[in-house]
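# Next input, structure requested:
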Amino acid sequence: MSSTSKKAAIEIRDVGRIYGAGAGQVTALDRINLLIRENEFFTLLGPSGCGKTTLLRLIAGFDFPTSGEILLHGEDIAPLPPFKRPVNTVFQSYALFPHMTVAENIGFGLKMLGKPLAEIKARVDEMLALVHMEKMRDRSVAQISGGQQQRVALARALAPKPKVLLLDEPLSALDYKLRKEMQIELKRVQAETGITFIFVTHDQEEALTMSDRIAVMSNGEVRQVGSAHEIYERPADRFVADFIGESNFLAADVIDLGESTATVRLGGGAVIEASLPEGLRASGQVTIVVRPEHASLAEPGTGSFDGTLAEAIYFGTDTHFQVLLDSGDSFVVREQNMRNGTVPHEKGARVGVRLGQQAAQILRG
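Have a look, this model is predicted:
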């Protein structure tokens with residue numbers, strides 16, 4: 001079944017959350033609408049304070065919306081307390097019981113539900129195998145690593161077979177290498193169990209790596225929903241383009257309009273083609289975005305525009321060239337480093353900047 005044809009697991013309909021009253025009133029969520037599909041790895045991405053954790057808490061039942069509906073498989077769960085929702089949460093702190101073993105932590109929720117001992121043991125064994133922790137079953141959770149604790153917290157949350165699993169920045173306490181490993185593990189576990197995962201993070205790389213779809217949030221609003229490719233390659237507005245990855249922004253004037261592209265003139269006089277977001281009929285002054293890796297250095301006069309190389313920064317896998325364009329704008333070009341390659345230009349050199357096909361896009365707003 002394709003992702004577009006899957007049924008809805010969670011529907012967020014006009015959900016708002018307001019805290020306080022009068023002059024002290026704060027709108028944490030402003031009429032949010034989202035549809036999260038069955039068996040989907042869905043990520044809520046945005047900066048601190050954007051409302052993503054508030055939305056997760058509303059789905060979990062730890063807080064209640066001021067307005068709107070939250071539907072689970074078509075049934076409104078907004079009025080239900082957490083223990084009556086077939087939803088579990090993996091917290092940032094893991095919240096494991098230090099006096100219990102790994103196996104006891106995983107089976108704790110099942111024990112509270114009154115499940116038979118034989119069923120608990122079988123399910124614990126199944127979860128230990130799922131997260132590759134069989135040899136650690138009798139180890140105290142105080143004696144295992146952060147990454148192993150994260151696996152235990154995940155197994156405990158999955159043991160009661162929730163319909164939806166909520167993950168509130170569960171990888172933020174791990175070091176970079178372990179975080180990368182756990183990203184792969186989380187995606188594997190989600191695929192194997194077929195459970196809908198709703199993942200909260202402020203880390204754009206994490207979101208791009210793991211997600212089937214991403215909702216980018218800002219100031220209590222959803223700015224764009226789409227696949228990692230759609231969010232990165234075709235950002236809806238300047239906030240999304242600026243928050244996801246690195247971007248060059250240039251002011252331009254529309255001089256001709258086509259079906260899906262527009263011809264624009266940049267501040268320095270260069271004329272280029274830029275793609276149009278679906279449904280947008282641009283006119284007058286606009287902002288265009290170009291990703292650094294969608295441009296390359298060229299000889300002066302042979303690219304889309306010219307400038308002076310202000311800086312070349314070596315990053316190992318690639319080099320970032322900062323170019324001061326003749327228009328006065330700053331522009332970054334990122335080129336992959338080839339084995340035995342050398343930086344092709346010196347600081348202060350005159351260079352051209354060549355744009356790749358469909359590199360420039362006009363932004364909404």
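# and residue 310, how many neighbours?
By the criterion of other C-beta atoms under 10 Å, residue 310 has 13 neighbours. To be clear about C-beta, it is placed using only N, CA and C from the backbone, and glycine gets the same treatment.
# repeat for residue 61
Neighbour count of residue 61, defined by other C-beta under 10 Å: 19.
# again with the one 5 residues further on
By other C-beta under 10 Å, 14 other residues sit near residue 66.
# From what I see, it and residue 17 are in contact.
Yes: Residue 66 is within contact range of residue 17, at 5.3 Å (criterion: C-beta atoms under 8 Å).
# List the buried residues for stretch 259-275?
For stretch 259-275, burial by neighbour count (16 or more other C-beta atoms under 10 Å) applies to 261-262, 264, 266, 270, 272-275.
# can you give me the end-to-end distance of that stretch?
Stretch 259-275 has an end-to-end distance of 9 Å (C-alpha to C-alpha, to the nearest Å).
# got the contact list for that stretch?
Contact partners of stretch 259-275, identified using C-beta atoms under 8 Å, 6 or more residues apart in numbering, comprise 234, 250-257, 276, 282, 286, 288, 304-305, 325-329, 355, 358, 360-362.
# Going through these, which ones are buried?
Neighbour counting by 16+ other C-beta under 10 Å classes 234, 250, 252, 254, 276, 282, 286, 288, 304-305, 325-327, 329, 355, 360-362 among the contacts of stretch 259-275 as buried.
# what about the nearest residue to residue 326 once chain neighbours are set aside, distance to residue 331?
In space, and not counting its chain neighbours, residue 326 is closest to residue 268: 4.8 Å by C-beta to C-beta, 6 or more residues apart in numbering. According to C-beta to C-beta, to the nearest Å, residue 268 stands 11 Å off from residue 331.
# swap in residue 219?
Going from residue 219 to residue 331 by C-beta to C-beta gives 29 Å.
# higher neighbour count, those two?
Comparing residue 219 with residue 331 by other C-beta under 10 Å, the one with more neighbours is residue 331, at 20 against 15.
# now the helices: where do they sit in the stretch 1-150 of the chain?
52-60, 102-112, 117-130, 146-158 (DSSP state H, counting those that start in this stretch).
# And the stretch 201-350 of the chain, by the same measure?
So, for the stretch 201-350 of the chain - with DSSP H, counting those that start in this stretch - the helices run 204-210, 228-233, 238-243.
# rewinding a little: now go through the buried ones among the contacts of stretch 259-275 and say which are in strands.
Counting by DSSP state E, those place 250, 252, 254, 286, 288, 305, 325, 355, 360-362 in strands.
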